[in-house]
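Enquirer: With the sequence up front, the predicted model follows.
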Amino acid sequence: MSDEKTTRSLEHAWKYFELHAQQRMTVFNFFLAISGLTAAGIGAGLQQGDKFSALVCLLGCFLFFIAFLFWKLDQRVSLMIKASENAIIALEQAAVTKEASIFSNEQPLSKSFGVTTTWSYGRCFRTCFILVALSGLFFIFAPYLMSMTCSP
């Protein structure tokens, strides 16, 4: 592979990676904003008591749906980022010194498991999506559970 072709290929893969990594962060920020506003609505509805039970249930459903939807969006963007990472790794192995092969050297580190290891963005995002989805499921039933425990 010629140096010019390698340089152009590396620039192309980097721009693709950069675009989708930024898109991933933007999508996650929207997820945080929407789920935060929905959680605030759930809290306000719970403070009002039984008269807003149906609204709290609907907001719980919406919270679950939003977590699922954004999880699926993140899956798509994650695949695009992985594709660019694989291209960069191949180009690094072909044309860059071992010490400068940042993506190649990082790959084994992100494959480790456990709570005390370094987590990837994907693992952190998936944990947030799961927790928010479970919260949404809880709040679908919470108003009815609260009214049963509060009744004489």
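Expert: On my side now, so go ahead.
Enquirer: where's the residue most central in space within the chain relative to Ser9, distance?
Expert: Taking C-alpha atoms, centre = their mean as the criterion, Phe125 is the residue nearest the geometric centre of the chain, at 3.2 Å. For Phe125, the distance to Ser9 (C-beta to C-beta, to the nearest Å) stands at 29 Å. C-beta: built from backbone N, CA, C; applies to glycine.
Enquirer: and if you look at Leu46?
Expert: When Leu46 is compared with Ser9 (using C-beta to C-beta), they lie 55 Å apart.
Enquirer: What of Leu145?
Expert: On the measure of C-beta to C-beta, Leu145 and Ser9 end up 57 Å apart.
Enquirer: for Ala87, same thing?
Expert: For Ala87 relative to Ser9 (C-beta to C-beta), the value is 8 Å.
Enquirer: and the residue nearest to the centre of the chain, what element?
Expert: Using DSSP states H and E, Phe125 sits in helix 121-150.
Enquirer: Can you give me the buried ones in that helix?
Expert: Going by neighbour count (16 or more other C-beta atoms under 10 Å), the buried part of helix 121-150 is 122, 125-126, 128-129, 132-133, 135-136, 139-140, 142-143.
Enquirer: Helices along this protein, start to end?
Expert: Ranges of helices in the chain, per DSSP state H, are 3-47, 53-95, 102-106, 121-150.
Enquirer: Using JSON lines, please lay out the ones you listed together with mean pLDDT and distance to Val115.
Expert: Converted to JSON lines, the helices of the chain look like this (pLDDT from 0 to 100; distance: least, C-beta to C-beta, whole Å):
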{"stretch": "helix 3-47", "mean pLDDT": "92", "distance to Val115": "21"}
{"stretch": "helix 53-95", "mean pLDDT": "92", "distance to Val115": "21"}
{"stretch": "helix 102-106", "mean pLDDT": "71", "distance to Val115": "20"}
{"stretch": "helix 121-150", "mean pLDDT": "86", "distance to Val115": "11"}
